[in-house]
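Participant: Here is my input; please provide its structure:
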Amino acid sequence: MATGTERPQQRPGGVHDASRAAIAARHLRTDRWWLAPAGTAAGLLAFIVYSTWRAFANADYYAAPYVSPFYSPCLAENCEEMRGGPNWDLFGSWWGLSPALLILVFPLGFRLTCYYYRKAYYRGFWASPPACAVAEPHTRYTGETRFPLILQNAHRYFFYAAVPVAGILTYDTVLTFRDEHYAWGHMGLGTLLFLVNIALIWAYTLSCHSCRHIMGGRLKHFSRHPVRYRLWGWISRLNSRHMQLAWASLISVALCDFYVYLLASGAFTDPRIF
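Facilitator: Residues are numbered from 1 along each chain as shown. Model (predicted):
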């Protein structure tokens, strides 16, 4: 006799395994649950396409006093000369590719292994799972115990690398208080963009789960460590906005790069505030 709960004819494993409840429907949600993963995938794909183009372009990344955050610090001999800027010839003349490829590995690794971004691209690109209470199409689940996902455990070390990169971008922001002739005491529209960007970069970096754990995750008695407890509390408040900060900082860093590209390519001149 049919009961309406017959298991669909699928290969064993996953949510339709014999050990799971026999629910024929893939999900019971009635809302547009697919909008969030679809929007996430579209946003990440747009950034990937744009950042790949700019990273390999090796052009239009410096317009005094602004340097694109994609190219800072510039560590190869083929970098554009940036007076007082973060161009340090550490790799010499043998590096013939774009210098952006030498530095982007660190912020890219930091974001790629970030807990929020892992959730974002697992859902958006791999449908693992596509959304809460929606069955994923995979028949096996190994978590992050196998290559390459086991490399996600390197997130804390990418955090250590992301902190000095954020420090260098802070230095770049200070340099934006010069004009195109390198005279101090000036400010343009680009300065405002760089100020917003570095604030978001630091907020996103410090809101990282690894940073929160470093501050207080291993303490057994908060009362014995009042300073670390207070820092842990501040970071915890930032951590509650980690997703929003991840997207805001991603957009701001791309916007700063695009602004420098427009200036360097001669599309327009930087409006001066003073």
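
Participant: now the helices: where do they sit in the protein?
Facilitator: For the chain, applying DSSP state H gives helices covering 35-57, 100-103, 105-112, 115-126, 155-175, 189-206, 209-212, 226-239, 242-264.

Participant: so how far is the fourth one off the chain centroid?
Facilitator: Right, helix 115-126. 12 Å (CA atoms, centre = their mean, to the nearest Å).

Participant: so where is the stretch 101-250 of the chain shaky, pLDDT-wise?
Facilitator: Filtered on pLDDT under 70, the stretch 101-250 of the chain yields no residues whatsoever.

Participant: Only alpha carbons, please: show stretch 44-63 as PDB.
Facilitator: Taking C-alpha atoms only, stretch 44-63 is exported to PDB below (Å, rounded to 0.1, in the frame of the first residue of the first chain):
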ATOM      1  CA  LEU A  44      31.800  36.500  -6.000                       C
ATOM      2  CA  LEU A  45      32.100  35.600  -9.700                       C
ATOM      3  CA  ALA A  46      32.000  39.300 -10.700                       C
ATOM      4  CA  PHE A  47      34.800  40.100  -8.300                       C
ATOM      5  CA  ILE A  48      36.800  37.100  -9.500                       C
ATOM      6  CA  VAL A  49      36.500  38.200 -13.100                       C
ATOM      7  CA  TYR A  50      37.400  41.800 -12.300                       C
ATOM      8  CA  SER A  51      40.300  41.100 -10.000                       C
ATOM      9  CA  THR A  52      41.800  38.500 -12.400                       C
ATOM     10  CA  TRP A  53      41.700  41.100 -15.200                       C
ATOM     11  CA  ARG A  54      43.300  43.800 -13.000                       C
ATOM     12  CA  ALA A  55      45.900  41.500 -11.400                       C
ATOM     13  CA  PHE A  56      47.200  40.300 -14.800                       C
ATOM     14  CA  ALA A  57      46.900  43.700 -16.500                       C
ATOM     15  CA  ASN A  58      50.200  45.000 -15.000                       C
ATOM     16  CA  ALA A  59      49.200  48.500 -16.000                       C
ATOM     17  CA  ASP A  60      47.400  51.600 -14.700                       C
ATOM     18  CA  TYR A  61      47.800  50.800 -11.000                       C
ATOM     19  CA  TYR A  62      49.600  54.000  -9.900                       C
ATOM     20  CA  ALA A  63      48.500  57.600 -10.200                       C
END
